[in-house]
Structure formats: structure tokens, C-alpha cells
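Asker: Compute the structure for the input listed below.
(one chain, ligands or ions: 2)
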Amino acid sequence: MLRRLRTQFGIVADELAEMGARDERYTVFDNVRDYRKRDEDFDLDNSEAMLLELLGQLRTQRDELDAVETFARVVAAQQQLNNQELLELSRIVGDEARHVLTGELALANLGHDPRAIPVGVIGSLLRRELSPIDGLLQISMIGEAGNVAEILQSASLANSLGHPRIGIQLQLIHRDEIFHLKCGHKILRRIKSIPQGAGFAQVALDITNEYLVSHGQPKLSARQAARILGE
Ligand SMILES: [Fe+2]
Ligand SMILES: [Fe+2]
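Answerer: Ligands and ions are numbered 1, 2, ... in the order given. Next up is the predicted model:
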């Protein structure tokens with residue numbers, strides 16, 4: 001699979017295949033993540049659905065090192081980027097690092113030890129097998145697009161659960177993600193060529209399902225991918 005992924009930037013994908021090191025104090029899991037179903041990770045007195053939903057969103061944010069890596073790869077393979085795109089992507093890398101910190105601190109503020117909550121790494125595992133621009137395609141069309149509406153819903157949820165500071169932080173993250181989507185799509189439209197008749201969203205779903213099937217997971221519909229792999 002990796003052999004055919006010579007990138008438009010002239011970098012062979014397997015030269016970029018390794019993920020950055022994870023903090024070894026955390027355990028990781030690599031199956032398709034659906035944090036909302038992982039209530040066994042929490043020692044909740046009463047695992048209320050609303051709280052679990054909010055915790056799921058905070059985990060999604062905390063685990064966005066995969067987004068940092070995805071955008072950093074595009075920056076590293078910068079030959080086709082213009083200066084404006086390079087600056088925008090650099091800002092996005094910084095934003096994603098802030099989202100990690102926001103998630104981590106919010107989990108702690110809600111009384112959990114973040115290090116006791118396993119970290120999902122499916123985003124990085126999936127995209128490390130792709131060229132940087134295909135990684136951008138996958139995160140723009142499925143990862144970020146899949147979760148952007150839910151971030152706002154989670155902000156409202158945080159407010160209703162009595163955590164207005166987390167609500168504000170999630171609103172700020174939502175604003176960032178709108179910017180990321182706009183930049184990502186702009187770069188894709190300029191750089192990425194796709195097979196005739198296919199749209200970016202379909203190509204991103206095909207790439208995602210190819211990865212899942214080759215790792216023994218079932219194929220996902222666009223809606224399922226958005227829910228399970230949204231970030
Ligand atoms: Fe993010
Ligand atoms: Fe983002």
C-alpha cells in the first residue's frame with residue numbers, strides 16, 4: 001500500500017511513516033474510536049449520557065496530537081505551498097496543540113486524571129500511511145468536518161451541566177475548526193487532483209475505508225465515519 005503513495009511533493013509516504021512519540025505515561029488504543037461508548041474508561045458514579053457525551057468531546061480534543069501531526073506533515077512537505085498557505089497551516093498546528101491542552105485541562109477540571117484515560121491514536125495511524133496531502137484530505141473531509149457541529153453542541157452541553165468555562169473553550173475551538181476547514185479546502189482545491197466524477201468527500205471516505213478494512217475493521221458510511229472519526 002505504501003509504495004503507491006508517492007506524494008505530489010516527491011516524498012515517499014513511508015519516509016514519513018513513523019508517528020511522533022507519545023507520552024509513555026498514557027496508554028493508547030488503536031481501534032476505531034467512539035469515546036461515547038467507552039464509559040468503562042471512567043469511574044463515574046452515575047454514567048449519565050450528557051456527561052459521557054461531554055467527556056467524549058473533551059477526549060477527542062485531548063487526543064488531537066494526531067491533528068498536529070497531520071498538519072505538520074503538510075508544512076514539512078511544503079514545496080507546493082505558497083507563503084500564505086504555509087502561514088495558515090502553521091497557525092493550524094498551533095491551534096491543534098492548544099486543543100490538546102484544552103481537552104487535557106478540562107478532563108482534569110472535571111475531576112479525572114487524564115493519564116488514567118486511554119488515548120486514541122487511530123487518526124495518526126491512519127494518516128501516517130497517507131501522503132501529506134491525502135492526510136489533509138482525510139482530516140478536512142472526515143475528521144474536522146465530522147465533528148465541527150458537535151463541538152458547538154458540546155459547548156451548550158458544558159453550559160447546561162454547569163461548566164461555562166469549558167463551554168467558552170469549546171466555542172473557541174469551534175471557531176478555530178471553521179478556519180481550519182476553510183484553509184484545508186482551499187489548499188485541496190488548488191493542489192489535489194481527484195479521479196473524474198469523484199468528490200473530495202468520497203475520496204476521503206474511500207481512503208478511510210481502505211485503511212479500516214486492511215486492519216480488520218468494517219467499512220463505514222459517511223455518517224458513521226463522521227461520528228466515529230470526527231475530531
Ligand atoms: Fe482541533
Ligand atoms: Fe482542526
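Asker: For burial, what's the neighbour tally of residue 168?
Answerer: 13 (other CB atoms under 10 Å). For every residue, glycine as well, the C-beta is placed using N, CA and C.
Asker: contacting residues around the closest residue to it other than its chain neighbours?
Answerer: Spatial nearest neighbour of residue 168, excluding adjacent residues (CB to CB, 6 or more residues apart in numbering): residue 155 at 7.7 Å. Residue 155 sits next to 166-168, 170-171, 174 when contact means CB atoms under 8 Å, 6 or more residues apart in numbering.
Asker: what helix or strand is residue 155 on?
Answerer: Element membership for residue 155, per DSSP states H and E: helix 145-160.
Asker: where does the residue nearest to residue 168 land on pLDDT?
Answerer: pLDDT, residue 155: 97.
Asker: same deal with residue 126?
Answerer: 92.
Asker: Quick check: buried residues in stretch 155-164?
Answerer: 155, 157-159, 161, 163 (16 or more other CB atoms under 10 Å).
Asker: Grab the nearest non-local neighbour of residue 171.
Answerer: Closest to residue 171 by CB to CB, 6+ apart is residue 155, at 4.8 Å.
Asker: and the buried residues of stretch 155-164 as TSV, adding distance to ligand 1?
Answerer: As requested, these are exported to TSV (distance: CB to the ion, whole Å):
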residue	distance to ligand 1
155	14
157	18
158	16
159	20
161	21
163	19
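Asker: Name the surrounding residues that touch the least confident helix or strand in the chain by mean pLDDT.
Answerer: Least confident helix or strand, the chain: strand 28-29 with a mean of 86, by mean pLDDT, DSSP states H and E. Taking contacts as CB under 8 Å, 6+ apart, the residues outside strand 28-29 that touch it are 22, 118-121.
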